[in-house]
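**Student:** Quick one, what's the 3D model for this:
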Amino acid sequence: MSRPPIKIVSGMPILGPFAENWANVQVFQAREDDIMINTYPKSGTTWMSEILDLILNSGDTRKTTRGAIYERVPFLEFAVPNVAKGTEILNSMETQRVIKSHLPIELVPQSFWEKNCKVIYVARNPKDVLVSYYHFYQMAIVHPDPGTFEEFFQGFMDGTIAFGSWSQHVKGWWKIRQQKNVLYIFYEDMLEDPKREIKKVSKFVEKDLPDDVLEKIHQHTTFKAMKENKMSNYSTIPSSVMDHTISPFMRKGVCGDWKNHLTVAQNEIFDAYLEREMSDTDLTFRFQD
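**Tutor:** Model prediction:
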């Protein structure tokens, strides 16, 4: 697969092949029992997907082997040539659907709000998102060439990379979290106390699980366990789509890796960007353990 250029749909930069199926995303029909996991890319989407799948299956790890995570939690916007589109997969599912999406609040299909669907939103500090997204852009061939880290750094701040502005994304969801059926969770909180956050998700989706099951879910969803699990580490994706020799899909899963990548000058520029972008919100992030 070549590296197709970014396209603009409804004012948002998106991966070229995804744009071809945009009309079907816009008219997607949600169901009342759908649960959406929404994030800006590289903010803990797969981690939360595995956690939620286990919660809904009462911690039965055998049920998580029924398919890779991208099959169990289909990606709404996904569309690449010669592969089933996210909308097609979801429309064919007869059981309760857990749906992955990176859409900003203003582009979520209206049916999700009409059906009052539950949404779990995961936000991560932008310095680590930037670094993780750069590595992902390199290994996921459906993305354009990210160029140098300096170029990607600028594109991130300008909001010209796939799924657009990080700040608008996290702020948009933060703003409506109490008006809609939204649970807003922080990646750094998940790292700090995974079991506490798993319990929070369990309560949100109305699954009352005993402590031993919560602990089992915690152990199954540690970074080490998921990195070694072919059902969650994306190793079953063809190398023509994701090249794990460039960078593994599950790379580090920590808070503070940005310190190994941003120069002092870049960090100062980024801090100034954040000061500007976050001046109109009470949303804050932690940047180290």
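
**Student:** show me what contacts Lys115?
**Tutor:** 30-32, 34 (Cβ atoms under 8 Å, 6 or more residues apart in numbering). Yep, even glycine has a C-beta here, placed from its N, CA and C like the rest.

**Student:** And it, how far from Gly147?
**Tutor:** 41 Å (Cβ to Cβ, to the nearest Å).

**Student:** repeat for Ser165
**Tutor:** Distance from Ser165 to Gly147, by Cβ to Cβ: 19 Å.

**Student:** for Trp258, same thing?
**Tutor:** 18 Å.

**Student:** repeat for Pro210
**Tutor:** From Pro210 to Gly147 the distance is 50 Å (Cβ to Cβ).

**Student:** Those two: which has the busier surroundings?
**Tutor:** Gly147 (13 against 10; other Cβ atoms under 10 Å).

**Student:** Make sure that one is indeed in a helix.
**Tutor:** No: according to DSSP: H, G, I helix; E, B strand; the rest coil, Gly147 belongs to no helix; its state is coil.

**Student:** where do the helices sit along the stretch 151-289 of the chain?
**Tutor:** 166-176, 187-192, 194-204, 211-220, 223-227, 264-277 (DSSP state H, counting those that start in this stretch).

**Student:** For Gly44, find the nearest of those helices.
**Tutor:** helix 187-192 (4.4 Å; Cβ to Cβ).

**Student:** Please name every helix or strand in contact with the closest one.
**Tutor:** helix 45-56, strand 118-123, helix 194-204 (3 or more Cβ pairs under 8 Å, 6 or more residues apart in numbering; DSSP states H and E).

**Student:** Run through this structure and note the low-pLDDT ranges.
**Tutor:** Scanning the chain for pLDDT under 70 picks out 1, 139, 229-254, 289.

**Student:** buried stuff in stretch 116-133?
**Tutor:** For stretch 116-133, the neighbour count (16 or more other Cβ atoms under 10 Å) marks 117-133 as buried.

**Student:** How about stretch 135-150?
**Tutor:** 135-144, 146, 149.

**Student:** Just the residues you listed: which are in strands?
**Tutor:** Under the assignment DSSP state E, the buried residues of stretch 135-150 contribute nothing to strands.

**Student:** now, which of the residues you listed sits nearest Ser2?
**Tutor:** Nearest member of the buried residues of stretch 135-150 to Ser2, counting by Cβ to Cβ, is Ile141, at 7.8 Å.

**Student:** quick one: that closest one from Phe223, how far?
**Tutor:** 24 Å.

**Student:** ditto for Ser101
**Tutor:** 23 Å.

**Student:** With neighbour numbers in mind, choose between the two.
**Tutor:** Counted by other Cβ under 10 Å, Ser101 and Phe223 do not tie: Ser101 has more neighbours, with 25 against 15.

**Student:** list the contacts for the more buried one?
**Tutor:** Taking Cβ under 8 Å, 6+ apart, one finds 36-38, 75-77, 108 in contact with Ser101.

**Student:** next one: Asp280
**Tutor:** By Cβ under 8 Å, 6+ apart, the neighbours of Asp280 are Lys171.

**Student:** possible to save the contacts of Lys115 as CSV with secondary structure, distance to Ile161 and neighbour count?
**Tutor:** Shown next, in CSV, are those (DSSP: H, G, I helix; E, B strand; the rest coil; distance: Cβ to Cβ, whole Å; neighbours: other Cβ atoms under 10 Å):
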residue, secondary structure, distance to Ile161, neighbour count
Ala30, coil, 27, 21
Arg31, coil, 32, 14
Glu32, coil, 34, 10
Asp34, coil, 28, 20
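
**Student:** so which of those would you say is closest to Leu56?
**Tutor:** Asp34 (12.0 Å).

**Student:** dump the residue contacts of the closest one.
**Tutor:** 96-99, 112, 115, 117-118.

**Student:** Go again with 7 Å.
**Tutor:** 97, 99, 115, 117 (Cβ atoms under 7 Å, 6 or more residues apart in numbering).
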